[in-house]
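S.K.: can't give you the sequence, but here's the structure:
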């Protein structure tokens, strides 16, 4: 089987690395020993994305994503994925002129949630993601409700992501905080938790969560594998 070439529009290193590793390791389960689709990844420095995000310049984020898309198209990719939930806010601005089709991370999560018949999801991620329409929009379209942590909890989670996780620092006290947030949202009626920052699955495992977890990074990678290997 000749799988389609996957292009990864990366943003932060740890999440992109987890996505890449998932494609390679789980690709072998479909294609055979040591096999996986051809993969090309491009990323601008995270600092360039953050400069845009800090000033609420989502058109600037879109320009960076579009730049990566062009590079990946020239490299031969057939479709694109982005293992970063937050910058999906800019994807609607990228799509009209994109040289390649994209898969949406929240759609991959919504499909998995529906498969398990989850009806109300706790959304964890950066404060920019948790206050955006990225997940509520896609989940509503799938008939699924969502809830985010309280403002103070969002600020702490955001700090954990940008001061620790993107640098590969995984601290027990941060894991405990996220576990406590999930447990509180469980008490408010959520039946699963979206790990909607691509680094969070590296810190919080299913064993650390009072709710079933939806690992957005790996779910996107698996959806991409299915698409790449579909006959």
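M.R.: Structure's in. What do you need? Quantities reported herein were computed from a predicted structural model and do not represent experimental measurements.
S.K.: what's the spacing between residue 174 and residue 159?
M.R.: The gap separating residue 174 from residue 159 is 9 Å, by Cβ to Cβ, to the nearest Å. (Glycine included, C-beta is placed from N, CA and C.)
S.K.: Which residue of the two possesses the greater neighbour count?
M.R.: Neighbour tally, residue 174 and residue 159, criterion other Cβ atoms under 10 Å: the higher count belongs to residue 174, 21 against 14.
S.K.: hang on, the more buried one packs against residue 162?
M.R.: No. The criterion here is Cβ atoms under 8 Å, and residue 174 misses it with residue 162 at 11.9 Å.
S.K.: Check the contact lists of these two and give me the overlap.
M.R.: Residues touching both residue 174 and residue 162 (Cβ atoms under 8 Å, 6 or more residues apart in numbering): none.
S.K.: which residues sit against the longest helix anywhere in the chain?
M.R.: Counting residues, the longest helix found in the chain (DSSP state H) is helix 13-31. Residues from elsewhere that reach helix 13-31, judged by Cβ under 8 Å, 6+ apart: 1, 3, 6, 8, 10, 34-37, 39, 41, 43, 46, 81, 83-84, 165-166, 168, 197-199, 201-202, 217-218, 220-222, 224-225, 229.
S.K.: contacts for the helix or strand following that helix?
M.R.: For helix 13-31, the following helix or strand on the C-terminal side (DSSP states H and E) is strand 39-43. Contact partners of strand 39-43, identified using Cβ under 8 Å, 6+ apart, comprise 5-11, 13, 16, 20, 23-24, 68, 71-72, 75-77.
S.K.: Just those: which are in strands?
M.R.: Taking DSSP state E, the ones among these that sit in strands are 6-10.
S.K.: closest to residue 101 among those?
M.R.: Closest to residue 101 out of the ones in strands among the contacts of strand 39-43 is residue 7 (10.2 Å), distances taken as Cβ to Cβ.
S.K.: can I see the domain layout of this protein?
M.R.: 6-104+219-229, 105-216 (automatic domain parsing).
S.K.: And the strands in the chain?
M.R.: 6-10, 39-43, 79-81, 120-124, 145-147, 192-195, 213-215.
S.K.: can you pull out the helices in the chain?
M.R.: Along the chain, counting by DSSP H, helices occupy 13-31, 46-54, 58-74, 91-94, 105-115, 127-130, 134-141, 151-163, 172-187, 216-229.
S.K.: These into a markdown table, with extra columns for mean pLDDT?
M.R.: Below are the helices of the chain laid out as a markdown table (pLDDT from 0 to 100):
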| stretch | mean pLDDT |
| --- | --- |
| helix 13-31 | 95 |
| helix 46-54 | 98 |
| helix 58-74 | 98 |
| helix 91-94 | 98 |
| helix 105-115 | 98 |
| helix 127-130 | 97 |
| helix 134-141 | 96 |
| helix 151-163 | 97 |
| helix 172-187 | 97 |
| helix 216-229 | 97 |
